[in-house]
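Peer 1: Sequence and predicted structure are below.
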Amino acid sequence: MQLKKELLTQIQSIIASAKERAIRSVETERMLMYWQIGKVIFEEEQKGKDRADYGEYLIKSISNEFQPKLGTGFSIRQLERNRQFYRAFPIASALRTQFSWTHYKILMSIDNQDKKDFYIAETEKNNWSARQLERQVNSQLL
């Protein structure tokens with residue numbers, strides 16, 4: 001008995017779709033993790049009397065504790081990005097699940113809020129990949 005080509009194509013499509021949803025789900029959870037870590041760091045810093053010095057110490061201490069066990073996702077630079085992520089996007093429910101962590105890193109590099117809002121809207125409307133967003137930001141579309 002020979003399998004129909006349409007049947008095989010349909011099953012391949014189901015598999016590809018499931019894989020893509022799984023990858024998106026992992027990416028979304030990773031972004032939420034980064035956001036939550038940034039929130040915890042930021043809130044802890046606000047309790048410190050001398051925020052700048054305390055923040056540097058806090059992030060360095062967290063990195064020293066977790067990086068040997070969990071890897072580069074807990075470098076000082078990454079933890080600073082997590083804090084920046086929370087500060088730039090303080091409402092977790094407003095995070096867009098179609099954006100990757102790379103999208104957000106690019107958006108965080110934009111200082112002007114109006115420009116940032118413009119690129120968020122355009123990325124959403126045009127379904128830009130992170131590479132396309134970066135190209136548009138670098139070409140100064142706005």
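Peer 2: Now that the structure is in, tell me what you want to look at.
Peer 1: CA atoms for contacts and neighbours, from now on please.
Peer 2: Noted.
Peer 1: Can you tell me which helices and strands the helix or strand hosting residue 124 packs against?
Peer 2: If you go by DSSP states H and E, residue 124 is part of helix 113-126. If you count contacts as 3 or more Cα pairs under 8 Å, 6 or more residues apart in numbering; DSSP states H and E, helix 113-126 packs onto helix 101-108, helix 130-138.
Peer 1: Burial-wise, tell me which of these comes out on top.
Peer 2: helix 101-108 (a mean of 18; mean count of other Cα atoms under 10 Å).
Peer 1: Can you tell me which helices and strands that helix packs against?
Peer 2: Counting by 3+ Cα pairs under 8 Å, 6+ apart, helix 101-108 packs on helix 5-47, helix 76-88, helix 113-126, helix 130-138.
Peer 1: Send me the least confident helix or strand in the chain by mean pLDDT as CSV with only the CA atoms.
Peer 2: Here the helix or strand of the chain ranked lowest by mean pLDDT, DSSP states H and E is helix 51-70, holding a mean of 86. Extracted in CSV, the C-alpha atoms of helix 51-70 (Å, rounded to 0.1, in the frame of the first residue of the first chain):
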residue,chain,number,x,y,z
ARG,A,51,21.4,52.7,44.4
ALA,A,52,24.3,52.8,41.9
ASP,A,53,26.8,51.2,44.2
TYR,A,54,24.3,48.7,45.6
GLY,A,55,23.1,47.8,42.1
GLU,A,56,26.6,47.0,40.9
TYR,A,57,27.3,44.9,44.0
LEU,A,58,23.9,43.1,43.7
ILE,A,59,24.3,42.2,40.1
LYS,A,60,27.9,41.1,40.5
SER,A,61,26.9,38.9,43.5
ILE,A,62,24.0,37.3,41.6
SER,A,63,26.3,36.6,38.7
ASN,A,64,29.0,35.1,40.9
GLU,A,65,26.4,32.8,42.5
PHE,A,66,24.6,31.6,39.4
GLN,A,67,26.9,31.9,36.4
PRO,A,68,29.2,28.9,37.4
LYS,A,69,26.1,26.7,37.9
LEU,A,70,23.8,28.0,35.1
